[in-house]
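K.L.:
I would like the atomic coordinates for the input below:
(chains A and B)
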Amino acid sequence: MMKNAILLFLLGLTGSSLIYIGCAKQPLDHLSADESRIYITDHDSAVNFSNYKTYSISDSVAVITNTNSTRELNELDQAYINAVKKYMGQMGYVLTNKNNNPDIGVDVSRIISTTTGVISYGDYWDYYNGYWDPYYWGFPGYDYYVPYAYSVYQVKQGAMSVDMLDLKDASDNNKINVIWTGLIRGSGIFDSTVADSQVKALFDQSPYLKTN
Amino acid sequence: MKKIKIMFAAICSLLFVTTSAKAQDGKLKLHLNYNYSIPVGGFNSDLVSNTSPRGFNGSLLYTFNNNWEGGLSIGYQDYYQKYGRSVYALSKTQDVSAVLSNSIQTTSALLTARFSPLNTGSVKPYIAVGAGVNIIDFRQYLGEFGSEQTNVGFLAQGGLGVTIPFGRLKTSGIDVGANYDYSPFNKYGYTDLNNVNAHVGVFFQVK
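P.N.:
Next up, the predicted model:
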């Protein structure tokens, strides 16, 4: 009798557990596409952005997969480039041709996961020369430098990245410092209609970028 | 904290000694309850302020005499909260803007003792104490990107309630009560999962 009681108790609890665990609220089921997105920014704390006045932006986007990278310019890419121009302007930076010695170079990258589904953001920086040859910015043979403060995080599914490069001090430093980076992740980011709001979010949380 | 653990360990020891000595005189009752939980303290301010209507508990209690019962209680509760978009500092220079979601499931196993001071009338009030373990499944999401950790912590419970027996033999009935759960959770900068919870359910004799 005692055994039956304990058995009944355990069976009841197991059944109830399964029902309730099944009824537990699943956070991902309660997120809209907008809510699913995150915007990560990082910057070189030693940099005073008011020392930079002009910038140039790449004329295409690096499309990075786990295995290689190419340069493309489709409607989506152009929408992101246009949005970056808009918000760089609002921060006080003046767009100039890359041949006019801009203080800052801006790269836009589209990161797409493929077979493994994971790209380490540390690897992203390790291979940056491959995506963006320093020659493009007029500094052949230079390396990029990313401050230690930049965290390593993994990219699954896909991301858009916007990076600001210190061209003004590249010759003095013998390297191109990455002074600001923004990463956009989440559902629906590869949609040209949302590009503006995605880039806006990056700049909104980086008020230190203002030139004055 | 140490005093509380020692106190409950003493209660549990006494419970087992008493059980062994008087098992032949007792009755075994199964309590099955719906549970509604209200996070308080650091749980409320730092993790989840939403109340949780998603819980249950079950107890198998042995009746030692007219005043004392004791046994095992198992409970489950699901907590969830989504916070609006905000910017969080990940480091001195790194920020993330995200909708933050906290999802916590607790599964507790407690040794419980109940004392009923009155045994006349149709309503039987009781006070209860319990202590045991709390298995905490903690998932936190920034947007759609989440992490999951499972921890086992200490849980102490104190509460009061009433049972309303049915029938001539009064071996089954309704159980209504409320508890305070003291549940330290010193992880990731958080302090506790303390909560006040109310239950309503049924009990019936199984032996």
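K.L.:
how close does the nearest residue to A:Leu167 once chain neighbours are set aside get to B:Gln105?
P.N.:
Closest residue in space to A:Leu167, ignoring its immediate chain neighbours: A:Gly105 at 4.9 Å, by CB to CB, 6 or more residues apart in numbering or on different chains. In this view, the C-beta of every residue, glycine as well, is placed from N, C-alpha and C. Using CB to CB, to the nearest Å, we find A:Gly105 at a distance of 48 Å from B:Gln105.
K.L.:
neighbour count winner among those two?
P.N.:
A:Gly105 (25 against 22; other CB atoms under 10 Å in any protein chain shown).
K.L.:
check which helix or strand covers the more buried one.
P.N.:
For A:Gly105, the element it lies in under DSSP states H and E is strand A:104-112.
K.L.:
roughly how far is that strand from the heart of the chain?
P.N.:
In terms of CA atoms, centre = their mean, to the nearest Å, the centre of strand A:104-112 is set 9 Å apart from its chain centre.
K.L.:
same thing with stretch B:172-182?
P.N.:
Using CA atoms, centre = their mean, the offset of stretch B:172-182 from its chain centre is 10 Å.
K.L.:
that stretch and chain A, any residue contact?
P.N.:
No - interface with chain A: stretch B:172-182 contributes nothing (CB under 8 Å from any CB of the partner chain), its closest point being 13.7 Å away.
K.L.:
okay, and for the chain, where does confidence drop off?
P.N.:
You didn't say which chain, so I picked chain A. Applying pLDDT under 70 to chain A picks out residues A:1-23, A:114-119, A:148-152, A:156.
K.L.:
to clarify, I was referring to chain B.
P.N.:
Ranges of chain B meeting pLDDT under 70: B:1-26.
K.L.:
go again with 80.
P.N.:
For chain B, the stretches flagged by pLDDT under 80 are B:1-26, B:119-121, B:167-170, B:207.
K.L.:
who in it is up against chain A?
P.N.:
Contact residues (CB under 8 Å from any CB) of chain B with chain A: B:28, B:30, B:32, B:54-56, B:58, B:60, B:74, B:76, B:78, B:80, B:82, B:85, B:87, B:90-99, B:101, B:103, B:105, B:107, B:139, B:141-146, B:206-207.
K.L.:
buried members of those residues into PyMOL, please.
P.N.:
A single PyMOL command selects the buried members of those (16 or more other CB atoms under 10 Å in any protein chain shown):
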select buried, chain B and resi 28+30+32+54+55+56+58+60+74+76+78+80+82+93+94+95+96+97+98+99+101+103+105+107+139+141+142+143+144+145+206
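K.L.:
let's see which of the residues of chain B next to chain A end up in strands.
P.N.:
Secondary structure assignment by DSSP state E places B:28, B:30, B:32, B:55-56, B:58, B:60, B:74, B:76, B:78, B:80, B:82, B:85, B:87, B:95-99, B:101, B:103, B:105, B:107, B:139, B:141-142, B:145-146 of the residues of chain B next to chain A in strands.
K.L.:
please name the residues that touch residue 110.
P.N.:
Using chain A here. If a contact means CB atoms under 8 Å, 6 or more residues apart in numbering or on different chains, then A:Arg110 has A:61-64, A:72, A:76-77, A:80, A:158-161, A:190 as its contacts.
K.L.:
oops, chain B please
P.N.:
Per CB under 8 Å, 6+ apart, neighbours of B:Leu110: B:Leu72, B:Ser73, B:Ile74, B:Gly75, B:Gly130, B:Ala131, B:Gly132, B:Val133, B:Leu155, B:Gln157.
K.L.:
repeat that for A:Ile189.
P.N.:
Contacts for A:Ile189 (CB under 8 Å, 6+ apart) come out as A:Arg37, A:Gly158, A:Ala159, A:Met160, A:Gln198.
K.L.:
A:Lys53 and A:Asn101 touch, don't they?
P.N.:
No - taking contacts as CB atoms under 8 Å, A:Lys53 lies outside contact range of A:Asn101: 11.1 Å.
K.L.:
so which of these two has more stuff around it?
P.N.:
Neighbour totals were compared for A:Lys53 and A:Asn101, and A:Lys53 leads with 15 against 12 (other CB under 10 Å).
K.L.:
from B:Gln81, how far out is that one?
P.N.:
45 Å.
K.L.:
check B:Tyr182 too.
P.N.:
21 Å.
K.L.:
what do you get for B:Ile135?
P.N.:
20 Å.
K.L.:
contacting residues for the residue nearest to A:Leu167?
P.N.:
Contacts of A:Gly105 by CB under 8 Å, 6+ apart are A:Tyr55, A:Ser56, A:Ile57, A:Ser58, A:Lys98, A:Trp137, A:Met164, A:Leu165, A:Leu167, A:Ile176.
K.L.:
name the nearest of those residues relative to chain B.
P.N.:
Checking these against chain B with CB to the nearest CB, the nearest one is A:Met164 at 13.3 Å.
K.L.:
burial count for the closest residue to that closest one other than its chain neighbours?
P.N.:
Of all residues not flanking A:Met164 in the chain, A:Trp180 sits nearest, at 4.0 Å (CB to CB, 6+ apart). Number of residues near A:Trp180 (other CB under 10 Å) recorded here: 24.
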